[in-house]
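Enquirer: Just a sequence and a predicted model for now, questions to come.
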Amino acid sequence: MNRRVLRLWLLALLLAPSTSTAATEGLIGDYQFNQTLAPVVGSLPAMTEIGPADGMFIVDEIHGITRTAFEFPQHNGLQITPTTGLDGTEPYTIILEVRLADLSGYRRLVDFKNGQSDTGLYLLGGALIFYNKSASGGRVCPDTWVQMAITRDANKNVIGYIDGNAYFGFTDTTDLAMISDSTLRFFRDNECAAGACSEASAGAVARVLIYDTAFLQSTLRQIAGVLCGDANRDGSIKASDALLTLKTAVGAACCQVESCDVGAPGGISASDSLAILKASVGQEVELVCPSQAIAP
Ligand SMILES: [Ca+2]
Ligand SMILES: [Ca+2]
Ligand SMILES: [Ca+2]
């Protein structure tokens, strides 16, 4: 890189808005749902709605910021076709920023087989799973914004993430995570001829980012940008975060380990809450949330 290019590149970095925290390299679709299903950036086409009803554009407070999103009823979803740049054995990263209302049983996130297979990316009781290839892991909360991601590299290694933590990985020898019919579907379950077909939840999506490269965990952690101890994910650590953690510890609320399990033993516990409370009033306390990695 010559000096002029380097200078321009540094300038571009400084000018980049903080919401696009990382990675524009390989970006082929950045969907932000501001009154349109078309991507803000990228070569992929606009999404279209699938399912019997209609979704709607909304604004919602997401991690302390008012943002645009698209809300969908149960059994509705979105699809992208054609998925030029992601077909065949081409690597990809798909990042979803979503909230789902119902996390009981299986709830569809991504369908790689154009509705013709029961396999794909789901939540199972709030844990991330690739049915029927992986174990389930991690946990998201109902009606709570969260970022999930799936990567597939050129060697067919597939890894699933919640807020930058890796919760499953497998080698996709049977190509279940390879896109069929140049069509990617989200949130609506497979068609009924292919198997259990009511595994869907109402919800909303605020952002879908699609890259034609398989990111490593370090990049996904950076994009997720979770602050350990910020239980309600509004960008700062306050007493309200300690309260949410305490409520979660006694089963009266839900927050994720990525922001609530700050290092005290026993899962999300009253001791985590106390550590967050200390941090919120400026006491010196080290908050270390779990880091889950899976090597490709
Ligand atoms: Ca299904
Ligand atoms: Ca907070
Ligand atoms: Ca803990």
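Expert: Received, thanks. Ligands and ions are numbered 1, 2, ... in the order given.

Enquirer: Check which residues of stretch 141-152 are buried.
Expert: 141-142, 144-152 (16 or more other Cβ atoms under 10 Å). Placement of C-beta: from N, CA and C, glycine included.

Enquirer: make that stretch 247-265, sorry
Expert: 247-249, 253-262, 264.

Enquirer: Is it possible to get a markdown table of those residues that adds secondary structure and distance to residue 75?
Expert: Formatted as a markdown table, these follow (DSSP: H, G, I helix; E, B strand; the rest coil; distance: Cβ to Cβ, whole Å):
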| residue | secondary structure | distance to residue 75 |
| --- | --- | --- |
| 247 | helix | 32 |
| 248 | helix | 30 |
| 249 | helix | 35 |
| 253 | coil | 28 |
| 254 | coil | 24 |
| 255 | coil | 29 |
| 256 | coil | 26 |
| 257 | helix | 30 |
| 258 | helix | 29 |
| 259 | helix | 31 |
| 260 | helix | 32 |
| 261 | coil | 34 |
| 262 | coil | 38 |
| 264 | coil | 41 |
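
Enquirer: out of those, who's nearest residue 279?
Expert: For those, the residue nearest residue 279 by Cβ to Cβ is residue 262; the value is 8.0 Å.

Enquirer: ok, that closest one touching residue 278?
Expert: No. At 10.1 Å, residue 262 does not count as touching residue 278 under the criterion of Cβ atoms under 8 Å.

Enquirer: At which residues are the helices of this structure located?
Expert: 3-15, 217-224, 239-249, 257-260, 270-280 (DSSP state H).

Enquirer: Tell me who's in contact with the residue positioned nearest the centre of the chain.
Expert: In the chain, the residue lying closest to the centroid (Cα atoms, centre = their mean) is residue 148, at 1.8 Å. Counting by Cβ atoms under 8 Å, 6 or more residues apart in numbering, residue 148 makes contact with 95-96, 98, 109, 128, 140, 160-163.

Enquirer: switch the cut-off to 7 Å
Expert: Contacts for residue 148 were tallied using Cβ atoms under 7 Å, 6 or more residues apart in numbering; they are 96, 109, 128, 161-162.

Enquirer: same question, residue 259
Expert: If you count contacts by Cβ under 7 Å, 6+ apart, residue 259 has them with 226-231, 233, 289.

Enquirer: Mind telling me the two of the residues you listed farthest from one another?
Expert: Farthest apart among the contacts of residue 259 - using Cβ to Cβ - are 233 and 289, which lie 12.2 Å from each other.

Enquirer: rewinding a little: which two in the contacts of residue 148 are spaced the farthest apart?
Expert: Most distant of the contacts of residue 148, by Cβ to Cβ, are 109 and 161, 11.8 Å apart.

Enquirer: need the strands for the stretch 1-150 of the chain, in chain order.
Expert: In the stretch 1-150 of the chain, the segments counted as strands under DSSP state E, counting those that start in this stretch are 27-31, 48-50, 56-62, 65-72, 77-80, 92-100, 106-111, 120-124, 127-131, 146-152.
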